[in-house]
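> The following comprises the amino acid sequence and a computationally predicted model.
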Amino acid sequence: MSTISIHIKRVYEKPEASDGKRILVDRLWPRGLTKEQAGIDEWMKEIAPSHELRKWYAHRLEHYDRFKELYLQELQQDKPFPLLRQIREWAEDSTVTLLYAAKDTQMNQAVVLKEIIESS
């Protein structure tokens, strides 16, 4: 198995050269940020949680375990899978940073994505 380098970071934090390829993994564009401020290289809204799941979860931390379970089921669908593989390939060559807008740094979709990509 190749060594991969995946980081996670709030999109509101200042872009840094050490971020490598910056990939936004939110379905909605982050409030108050221009494309220039965000400094993203890719916006992969297709691998973000569905609108329905996002609204249900609403970052209620007591529902995180169930959110993670349902989100993993969504990621097993045909459309997101090639994108996950693409992120892994990029991370094998250089650093990739998954960007998210949520305030919680430990319980969000970027954390789930990092786990699944690193374990694949």
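Ah, there it is.

> which SSE is residue 30 in?
When secondary structure is defined by DSSP states H and E, residue 30 falls outside every helix and strand.

> what sits against the residue lying closest to it once chain neighbours are set aside?
Nearest residue to residue 30, sequence neighbours excluded (Cβ to Cβ, 6 or more residues apart in numbering): residue 101, at 4.1 Å. The way it works is simple: take the backbone N, C-alpha and C, and place the C-beta from them, glycine included. By Cβ atoms under 8 Å, 6 or more residues apart in numbering, the contact set of residue 101 is 10-12, 26, 28, 30-31.

> Return the backbone torsion pair for residue 101.
In this entry, residue 101 is assigned phi and psi values of phi -100, psi -20 (degrees, to the nearest 10).

> Considering the contacts of residue 101, which is situated nearest to residue 106?
residue 10 (11.8 Å; Cβ to Cβ).

> for that closest one, what are its contacts?
When contacts are counted by Cβ under 8 Å, 6+ apart, residue 10 is found next to 99-103, 105.

> one more time with 7 Å
Contacts here follow Cβ atoms under 7 Å, 6 or more residues apart in numbering; on that basis residue 10 touches 100-101, 105.

> can you list those residues in JSON lines and add distance to residue 70?
Formatted as JSON lines, the entries for the contacts of residue 10 read as follows, by distance: Cβ to Cβ, whole Å:
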{"residue": "100", "distance to residue 70": "17"}
{"residue": "101", "distance to residue 70": "20"}
{"residue": "105", "distance to residue 70": "21"}
